[in-house]
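[1] the following block contains a protein sequence and its predicted model.
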Amino acid sequence: MYEIDEGGKKEISVVSSALLSSFEERAMNDTSPRDYTLLDRPEILSVLFHPRPEIRYGLSGQSGKDLLIPVEDRVSVAARFHHLDVDGPTILFFHGNGEIVADYDDIGPLFGSTGVNFCAVDYRGYGLSTGHPTVSAMMSDAHVVLDYMTAWLEVQGYRGPLVVMGRSLGSAPAIELASSRTGKLAGLIVESGFARTMPLLRLIGADPQGLGLSEDNGCGNLDKIGSADLPTLIIHARNDFIIPVSDGEALLEASAARNKRLVVIPGADHNSIFMVGFALYMGALRTFIESIKGRP
């Protein structure tokens with residue numbers, strides 16, 4: 001386990017080697033059987049992922065704690081944990097394809113106003129992470145991150161429920177976990193999530209038909225959310241021209257959750273949803289968090 005400080009990185013023994021071995025074994029056994037390798041072609045990866053480094057190394061006075069989570073031999077993904085309350089819920093957040101955890105340094109504390117701890121996670125090659133992003137790695141790493149953070153939170157004394165959240169591309173790993181790791185989670189939040197993969201690929205410049213791909217080769221968000229029996233909040237911008245609001249509506253309809261809600265932000269688009277809809281967005285988040293506080 002590594003914690004990053006202003007002087008570099010140092011190994012810390014906050015998670016025992018036995019616990020690490022345990023979570024790694026569970027993660028290997030719990031990953032989704034779906035094969036994503038057909039999405040790992042250069043023609044798709046070049047338009048799907050837009051990694052960039054975090055220029056500032058370390059916290060430099062920020063409110064979060066930086067973590068490096070080992071996901072594979074010599075490969076780690078970065079996470080930034082914004083602390084509020086050891087008894088409060090924690091949101092494990094997977095961001096969009098052009099973002100890094102540093103972009104949420106101001107938003108993380110704002111989420112704290114709803115009563116949650118907020119942990120944003122990067123993908124391989126993003127921010128302080130190592131390696132190179134692929135769809136297969138993004139999905140398998142999500143399982144390792146979930147187990148690692150569950151262990152880390154336990155050792156650090158955090159007792160509140162864990163909620164998984166994904167924005168845009170991040171909806172794929174979030175729904176993946178919500179559908180296959182229900183026992184570890186108390187809720188699912190999807191912001192600007194996509195229902196089907198092929199329309200998204202066409203929009204960003206890939207040619208799935210030319211590559212011989214069909215929806216059966218996609219991320220499977222629509223199918224997976226149908227087995228995610230967790231309280232679910234879906235937030236979508238009315239004027240989202242990248243991932244249309246109809247995707248949010250389709251996810252809501254397919255969701256297996258008994259407690260589910262779609263909040264549509266008027267006047268907002270894909271990238272202005274939080275700023276334009278701040279009051280409505282935060283109000284919906286606050287209501288959702290209150291509804292899951294009693295869950296384990």
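    Arrived safely, thanks for sending.
[2] residues contacting the spatially closest residue to residue 205 that is not a sequence neighbour?
    Computed as CB to CB, 6 or more residues apart in numbering, the closest residue to residue 205 that is not its neighbour in sequence is residue 47, at 4.6 Å. Where C-beta positions appear, they are placed from N, C-alpha and C, glycine not excepted. For residue 47, the contacting residues are 201, 204, 205, 206, by CB atoms under 8 Å, 6 or more residues apart in numbering.
[3] mind doing that once more with 7 Å?
    204, 205, 206 (CB atoms under 7 Å, 6 or more residues apart in numbering).
[4] chain center to stretch 265-285: distance?
    Its chain's C-alpha centre and that of stretch 265-285 lie 18 Å apart, by CA atoms, centre = their mean, to the nearest Å.
[5] residues of it that come out buried?
    Neighbour counts over stretch 265-285 (16 or more other CB atoms under 10 Å) mark 265, 268, 270, 273, 274, 276, 277, 280, 281, 284, 285 as buried.
[6] swap in stretch 153-173?
    In stretch 153-173, counting by 16+ other CB under 10 Å, buried: 153, 158, 160-173.
[7] ok, now stretch 183-194?
    184, 185, 186, 187, 188, 189, 190, 191, 192, 193, 194.
[8] need the contact list for the second one.
    Applying CB under 7 Å, 6+ apart, one finds that residue 185 lies in contact with 162, 163, 164, 177, 178, 230.
[9] in TSV, list the residues you listed along with secondary structure and pLDDT.
    Shown next, in TSV, are those (DSSP: H, G, I helix; E, B strand; the rest coil; pLDDT from 0 to 100):
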residue	secondary structure	pLDDT
162	strand	97
163	strand	98
164	strand	98
177	helix	98
178	helix	98
230	coil	97
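[10] confidence-wise, which helix or strand of the chain is lowest on average?
    strand 8-11 (a mean of 38; mean pLDDT, DSSP states H and E).
[11] the stretch 151-296 of the chain: strands as residue ranges?
    162-167, 187-191, 232-237, 260-265 (DSSP state E, counting those that start in this stretch).
[12] export those strands to CSV and tack on distance to residue 119?
    Formatted as CSV, the strands of the stretch 151-296 of the chain follow (distance: least, CB to CB, whole Å):
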stretch, distance to residue 119
strand 162-167, 9
strand 187-191, 13
strand 232-237, 17
strand 260-265, 22
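[13] quick one: closest of those to residue 212.
    strand 162-167 (27.3 Å; CB to CB).
[14] any figure for the gap between residue 235 and residue 140?
    Distance of residue 235 to residue 140, computed by CB to CB, to the nearest Å: 26 Å.
[15] more crowded one of those two?
    Legend: neighbour count by other CB atoms under 10 Å for residue 235 and residue 140, higher for residue 235 (26 against 21).
[16] next up, the contacts around the more buried one.
    191, 263, 265, 281, 284.
[17] quick check: the last one touching residue 234?
    No. Counting by CB atoms under 7 Å, residue 234 is not a contact partner of residue 284; they are 9.6 Å apart.
[18] low-confidence ranges, this protein, go.
    For the chain, residues meeting the criterion pLDDT under 70 lie at 1-33, 56-63, 294-296.
[19] just give me the longest helix of it.
    helix 135-156 (DSSP state H).
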